[in-house]
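J.: Generate a structure from the sequence data that follows.
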Amino acid sequence: MSVGKILVVDDQRNMRTTLAMMLRGSGYDVDEAEEGKQGCELGSTGAYDVVLTDLRMGETDGIDVLRQIKREQPITEVIVMTAYGTIESAVEAMRLGAFDYIQKPFTEQELQVKVQKALESRRLHGQVQLLAQEFRDKYHFENIIGRSQAVRDVLGRVVKIAPTDATVLITGESGTGKEQVARAIHANSRRADKPFVMVNCAAITETLLESELFGHARGAFTGAMTARRGLFEEADGGTFFFDEIAETTQTFQAKLLRAIQDGEVRRIGENRAVRVDVRVMAATNVDLAQAVEEKTFRKDLYYRLNVARFHLPPLRERREDIPLLVEFFLEKYNRKMKTRTKLGDGVMERLQQYEYPGNVRELENMVEQAVALAAGGLITLDDILPEAPRTPATTTGKTLADLVDAAERAAVEGALRTSEGNRERAAEILGISSTTLWRKMTRLGVSYDARSQSS
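T.: Model prediction:
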């Protein structure tokens, strides 16, 4: 594994090639740019930790390269190479943001010391930026909004569980924020600087899921033209998050259990095991204990996953969090769309009355749409929620779960009728996998016999 990625920019071929060879000999991943314009283009991509550029080149010189890179990629470190008698230019480069300069002729040792210090600075800046931006805004607690006791309990458990390597099971309805909790646990763990890899088990067929996770050897199956590492190997040292874990088959569950217990995976078509150090987290909106009873989920895998359990309540059970969430999403999308949209009279009250079958995700979508469509910078009742709030379950005699089950049953039966009992086609119509369709049919008590329908 390389210890840093470096771009060498110099219009003198011999010098450029020699520098690249010296740096590659120390284990660095090195690219070359033969003139300043190419150096600007490559350096601005953000693909490099350090750019080493000659000061005097053709039409686009080292100062131009420095300016462009620092404007586009401020945390990329730039070292300028100067010839004797151009110290004034080197000082100007430092003023413009160069990390350091090195005067020709220089020794390999001098170059290595400068590059190593630049890499250390780059890594430090990268960590600070991660903490200040992604870690804080996208992966940390700021995306778990609320003051309810339920939210405080979740955050308290995150702080306790995150430093351990315990496997984590996160349950709750769709849209309650299971992925955000998983990311918060990862961000507060000792693995925070390692990969967080996520896969949605319901979106991939069993065959593709196994290949995606474990990788495959060349020729292992039709289309496997080259060998490929699996996502488990990509997550080595970090965290692997299985979303919708209940949508996997028992055959796959057995292979996953073995990988978790043994800490190793075997690529499809290979006998050699590869060691992996991965913390596993999983999420589901299904009652796994019931799935175990119904023999659709392996008991041993359930117990292996259910070491640290988090249950996220639906939004309708923590209505005191709705105003905070609305303000959070309003600020987020005003910033994104460069608007100053506000809530009109009665909007917040209406939002607090709604049942939110899609939970926090549905609320966010509502606010985003309202910010985009609101006229005159004011969100009205028609913008945010044109339909009346759902009638509470107590007045209909049915719970929300009963209503959802009835709607799902009607949709499944309709798709089966349209496909004349072909489950693969029915799953395509519904936009779900055939495994998910089978589970829904089992849970809802749906069966279909094409012969009885035609008689």
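J.: Show the low-confidence segments of the stretch 1-150 of the chain, by residue range.
T.: 1-2, 84-87, 124-143 (pLDDT under 70).
J.: neighbours around K295, how many?
T.: The local packing of K295 (other CB atoms under 10 Å) involves 10 other residues. No exception for glycine: its C-beta is placed from N, CA and C like everyone else's.
J.: How about V197?
T.: Neighbour tally, V197, other CB under 10 Å: 19.
J.: Repeat that for V265.
T.: So V265, with other CB under 10 Å, has 25 neighbours.
J.: Run through the residues that contact R279.
T.: 165, 167, 186, 189, 191, 238-240 (CB atoms under 8 Å, 6 or more residues apart in numbering).
J.: can you pull the pLDDT of it?
T.: What the model reports as pLDDT for R279 is 95.
J.: Residues in a beta bridge with it, which ones?
T.: T239 (DSSP bridges).
J.: change the start of the numbering to 33 and stick with it
T.: With the count now opening at 33, the last piece we talked about shows up as R311.
J.: So what's the residue count around A249?
T.: For A249, the count of nearby residues is 17 (other CB under 10 Å).
J.: How about K149?
T.: 15.
J.: With the one 3 residues further on instead?
T.: By the other CB under 10 Å criterion, the neighbourhood of E152 contains 12 residues.
J.: Please confirm that it is located within a strand.
T.: No. Counting by DSSP: H, G, I helix; E, B strand; the rest coil, E152 is not found in a strand; it is helix.
J.: and it, what is it in contact with?
T.: Contacts of E152 by CB under 8 Å, 6+ apart: none found.
J.: in which helix or strand would I find the spatially closest residue to T49 that is not a sequence neighbour?
T.: Nearest non-adjacent residue to T49, counting by CB to CB, 6 or more residues apart in numbering: E64, 7.4 Å away. Assigning secondary structure by DSSP states H and E places E64 in strand 61-65.
J.: Contacts for that strand, please.
T.: Against strand 61-65 from outside (CB under 8 Å, 6+ apart): 34, 36-42, 48-49, 52, 55-56, 71, 74-75, 80.
J.: can you check stretch 358-370 too?
T.: When contacts are defined by CB under 8 Å, 6+ apart, stretch 358-370 is touched by residues 177, 371-375, 380, 383, 395-396, 399-400, 403-404.
J.: if we can go back for a sec, any idea how far L462 is from the residue nearest to T49?
T.: For E64, the distance to L462 (CB to CB, to the nearest Å) stands at 53 Å.
J.: Also G408?
T.: 40 Å.
J.: more neighbours, the two?
T.: Under the criterion of other CB under 10 Å, the comparison of G408 against L462 puts L462 first, with 18 against 8.
J.: For the residue lying closest to R393 once chain neighbours are set aside, give me its contacts.
T.: Distance criterion CB to CB, 6+ apart; nearest residue to R393, sequence neighbours excluded, is G207 at 3.4 Å. By CB under 8 Å, 6+ apart, G207 lies in contact with 347, 388, 390-394.
J.: Give me the pLDDT value at G207.
T.: Listed pLDDT for G207 reads 91.
J.: Please report phi then psi for it.
T.: phi 90, psi 10 (degrees, to the nearest 10).
J.: coming back round to it: pull the most distant pair out of the contacts of R311.
T.: T199 and G270 (14.0 Å; CB to CB).
J.: Can you pick out the residue with more neighbours from these two?
T.: Neighbour totals were compared for T199 and G270, and G270 leads with 19 against 15 (other CB under 10 Å).
J.: Identify the residue spatially nearest to that one, adjacent ones excluded.
T.: Closest residue in space to G270, ignoring its immediate chain neighbours: K226 at 3.3 Å, by CB to CB, 6+ apart.
J.: Dihedrals phi and psi, T92?
T.: Torsion angles, degrees, to the nearest 10, at T92: phi -110, psi 110.
J.: L87 too?
T.: phi -80, psi -40.
J.: Give me the neighbour count for it.
T.: 22.
J.: so it sits right up against V123, yeah?
T.: No. With contacts counted by CB atoms under 8 Å, L87 stays clear of V123, the gap being 11.4 Å.
J.: all helices of the stretch 233-382 of the chain, in order?
T.: Taking DSSP state H, counting those that start in this stretch as the criterion, the stretch 233-382 of the chain carries its helices at 238-246, 263-266, 282-294, 320-325, 331-337, 354-369, 379-385.
J.: For the shortest one, list every residue counted as buried.
T.: Okay, so that is helix 263-266. Going by neighbour count (16 or more other CB atoms under 10 Å), the buried part of helix 263-266 is 263-265.
J.: can you check the fourth one too?
T.: Counting neighbours by 16+ other CB under 10 Å, one finds that the buried residues in helix 320-325 are 320, 323-324.
J.: contacting residues around that helix?
T.: By CB under 8 Å, 6+ apart, the list of residues contacting helix 320-325 from outside reads 201, 203, 277-278, 329-331, 334, 337-338.
J.: Could you dump those residues into JSON lines and include pLDDT and distance to V190?
T.: Formatted as JSON lines, the contacts of helix 320-325 follow (pLDDT from 0 to 100; distance: CB to CB, whole Å):
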{"residue": "L201", "pLDDT": "96", "distance to V190": "14"}
{"residue": "T203", "pLDDT": "95", "distance to V190": "15"}
{"residue": "I277", "pLDDT": "95", "distance to V190": "19"}
{"residue": "A278", "pLDDT": "93", "distance to V190": "23"}
{"residue": "F329", "pLDDT": "94", "distance to V190": "25"}
{"residue": "R330", "pLDDT": "94", "distance to V190": "27"}
{"residue": "K331", "pLDDT": "95", "distance to V190": "27"}
{"residue": "Y334", "pLDDT": "95", "distance to V190": "22"}
{"residue": "L337", "pLDDT": "94", "distance to V190": "17"}
{"residue": "N338", "pLDDT": "93", "distance to V190": "17"}
